[in-house]
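In: Provided below for reference: sequence and predicted model.
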Amino acid sequence: MIRFDSVTKSYPGQTRPALDGVTVEILRGEFVFLVGASGSGKSSFLRLILKEEKPSAGRIHVLGQELRTISTRKIPYFRRSLGVVFQDFRLLPNKTVFDNVAFALRVIGKSRGYIQSAVPETLKLVGLDGKGKRMPHELSGGEQQRVAIARAIVNKPQILLADEPTGNLDPVTSAGIMTLLERINASGTTVVMATHEAGIVDQMQRRVIELSAGEVVRDERSAGYAVAGDGLGGDAESVDEGAVPADRAAAALAAIGTDAAADEQPDAEPDADGETGADGDVRADGDVRADGDARADGDSRAEEASAVAAAESAPEATVQSAAPKVSADVMRDAPPLYTEPEERDDVTDEAAEITAAATMPIEPLPGAEAGEPDAEPDAGPPGRPASPAGAKSAHLTLAERLGLRSPAGPRAGDDEQEVGPVK
Ligand SMILES: Nc1ncnc2c1ncn2[C@@H]1O[C@H](COP(=O)(O)OP(=O)(O)OP(=O)(O)O)[C@@H](O)[C@H]1O
């Protein structure tokens, strides 16, 4: 599904490659954590999969295609099989929740009827039923990340890439997001997630690929964040930053198990202190709220009770071993989070034709590819100052970053428009 063969990635002006001779294969349906110290190459790895960057050496195959053979014009079509979630959510601030998710479908030309059914279904799946009319700023961080995940999966991608998706969230809200990602994976989507969060990796016991200075130094199945004493210390401090005492973690989990009413209040109003009361955040004042983040999946009380017990019996006085309450058994038995579109797609024949036409690969005009696909400019990553060679990428619209529109496509106001299919 994803294969790196001796891949090296060097950025202009850097003495050391970001990735150095990486050979790795990720199979269909796997859940893979990418771990490693800051700067070890995790984001570069993900950007290479997305073809946001090209390797300096080596080959990358994704979904059976060698990425070098995909021309720039075809990248948006390739990326429709990939969903992406970022640490900072990247929602359109002036669009409702519904429109943020619908955006991903409108850009690829889905019919209005399809959008009207697919968006609410997806919002329900991520635990945001009834919140479609909210604006992003009216949501908690965990809820905003759920919107971003809904946007990433509404198009039923085969692969979901997540770059620090819990990086801006408190431990309990993070646990809810992980539950969601695990269920997306359980329904068949391959998930590759870069993270610094030792507690989450330790709890989930999935495949771990560890990078150090651009090299794969560990590739282990059913593993934790670090091999005991291996000195993955570069991240230990940042992991600890979010840690809260075990008693507060236990309190947070207890709140999830007991405050059932919170789930039934999709429109909980902000408190007098300005904080939304149902967001699951462990607040600075020690209060704990519950938004269903960790139980949108209908977890049983017994499971929650055992999570609380685990939290209470945690030997270390940190939340790292307590907060992520995702249990592999529970996830294995969980029903699929979403079904394939064919099973419930009620689009009309006419709409299906429009969609088919809109998503049909475009053959480039003779000479349009100006030589090899590799001749495209080196794209810089989102959120980082672009290198001179990658200056173009600094102007990518959201649609382009999400891989829904060709960087060569129309420009002004793309992020703001209700755009149609790529022509
Ligand atoms: N566009 C760029 N131009 C130049 N150097 C870059 C660029 N992007 C990344 N790098 C460098 O490549 C190396 C790997 O960066 P990368 O972002 O992939 O690491 P990371 O493991 O994701 O780090 P973090 O955990 O801090 O996000 C770093 O030395 C970084 O400075």
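Out: Now that the structure is in, tell me what you want to look at.

In: quick one: the helices in the stretch 1-150 of the chain?
Out: In the stretch 1-150 of the chain, the segments counted as helices under DSSP state H, counting those that start in this stretch are 42-49, 75-79, 97-106, 112-125, 141-153.

In: quick check: mean pLDDT across the third one?
Out: Summarised as a single mean, pLDDT over helix 97-106 is 94.

In: which elements pack onto that helix?
Out: helix 112-125, helix 141-153 (3 or more CB pairs under 8 Å, 6 or more residues apart in numbering; DSSP states H and E). C-beta coordinates here come from the backbone N, C-alpha and C atoms, glycine included.

In: just put the ones you listed in CSV and tack on mean pLDDT and distance to the ligand.
Out: As requested, those are arranged in CSV below (pLDDT from 0 to 100; distance: least, CB to the nearest ligand atom, whole Å):
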stretch, mean pLDDT, distance to the ligand
helix 112-125, 94, 28
helix 141-153, 94, 17
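
In: tell me which of those helices lies nearest to residue 226.
Out: The minimum distance between residue 226 and the helices and strands packed on helix 97-106 falls on helix 141-153, with 25.0 Å, by CB to CB.

In: next structured bit after the closest one?
Out: strand 159-163 (DSSP states H and E).

In: tell me which of the helices and strands packed on helix 97-106 sits most buried.
Out: helix 141-153 (a mean of 26; mean count of other CB atoms under 10 Å).

In: kindly export that helix (C-alpha atoms) in CSV.
Out: C-alpha atoms of helix 141-153 as CSV (Å, rounded to 0.1, in the frame of the first residue of the first chain):
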residue,chain,number,x,y,z
GLY,A,141,-10.3,21.8,20.3
GLY,A,142,-11.4,18.2,20.3
GLU,A,143,-14.5,19.0,18.4
GLN,A,144,-12.6,21.0,15.8
GLN,A,145,-10.2,18.1,15.3
ARG,A,146,-13.3,15.9,14.8
VAL,A,147,-14.5,18.2,12.1
ALA,A,148,-11.0,18.0,10.5
ILE,A,149,-11.2,14.2,10.7
ALA,A,150,-14.7,14.2,9.2
ARG,A,151,-13.4,16.3,6.3
ALA,A,152,-10.6,13.9,5.9
ILE,A,153,-12.8,10.8,5.8
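
In: between it and strand 159-163, how big is the angle?
Out: 150 degrees (axes from the mean of the first three to the mean of the last three CA atoms, to 10 degrees).

In: so helix 141-153 versus helix 112-125, what angle?
Out: Using the same axes, to 10 degrees: helix 141-153 against helix 112-125 is 140 degrees.

In: just checking, what packs against helix 141-153?
Out: strand 82-86, helix 97-106, helix 112-125, helix 171-186.

In: got JSON lines for the ones you listed, with distance to residue 226 too?
Out: Listed next are these as JSON lines, based on distance: least, CB to CB, whole Å:
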{"stretch": "strand 82-86", "distance to residue 226": "24"}
{"stretch": "helix 97-106", "distance to residue 226": "36"}
{"stretch": "helix 112-125", "distance to residue 226": "33"}
{"stretch": "helix 171-186", "distance to residue 226": "18"}
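
In: quick one: which of these is nearest residue 139?
Out: helix 97-106 (7.2 Å).

In: what's the angle from that closest one to helix 141-153?
Out: Using the same axes, to 10 degrees: helix 97-106 against helix 141-153 is 20 degrees.

In: export helix 97-106 as PDB, just CAs?
Out: The C-alpha atoms that make up helix 97-106 are tabulated as PDB, following Å, rounded to 0.1, in the frame of the first residue of the first chain:
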ATOM      1  CA  VAL A  97     -19.000  22.800  10.400                       C
ATOM      2  CA  PHE A  98     -21.200  21.400   7.600                       C
ATOM      3  CA  ASP A  99     -19.500  23.500   5.000                       C
ATOM      4  CA  ASN A 100     -16.000  22.600   6.200                       C
ATOM      5  CA  VAL A 101     -16.800  19.000   5.600                       C
ATOM      6  CA  ALA A 102     -18.900  19.600   2.500                       C
ATOM      7  CA  PHE A 103     -16.000  21.600   1.100                       C
ATOM      8  CA  ALA A 104     -14.000  18.300   0.500                       C
ATOM      9  CA  LEU A 105     -16.900  17.000  -1.600                       C
ATOM     10  CA  ARG A 106     -17.800  20.100  -3.500                       C
END
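
In: does stretch 29-41 reach the ligand?
Out: Yes - using CB under 6 Å from any ligand atom, stretch 29-41 reaches the ligand at 36, 38, 39, 40, 41.

In: give me phi/psi at the closest residue to the fourth one other than its chain neighbours?
Out: Take residue 40 and drop its neighbours on the chain: the residue closest to it by CB to CB, 6 or more residues apart in numbering is residue 211, 4.1 Å away. Backbone torsions of residue 211, given as degrees, to the nearest 10, read phi -110, psi 140.

In: so residue 211 touches residue 43, yeah?
Out: No - if you go by CB atoms under 8 Å, residue 211 and residue 43 don't touch, sitting 10.3 Å apart.

In: re the thing from before, need the helices of the stretch 1-150 of the chain in a markdown table (columns: distance to residue 23).
Out: Output for these, formatted as a markdown table (distance: least, CB to CB, whole Å):
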| stretch | distance to residue 23 |
| --- | --- |
| helix 42-49 | 12 |
| helix 75-79 | 22 |
| helix 97-106 | 33 |
| helix 112-125 | 35 |
| helix 141-153 | 27 |
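
In: any idea which of the ones you listed gets closest to residue 11?
Out: Among these, helix 42-49 sits nearest to residue 11 (CB to CB), with 8.2 Å.

In: so which elements touch the closest one?
Out: If contacts are counted by 3+ CB pairs under 8 Å, 6+ apart, helix 42-49 sits against strand 2-9, strand 19-26, strand 31-35, strand 57-62, strand 159-163, strand 190-194.
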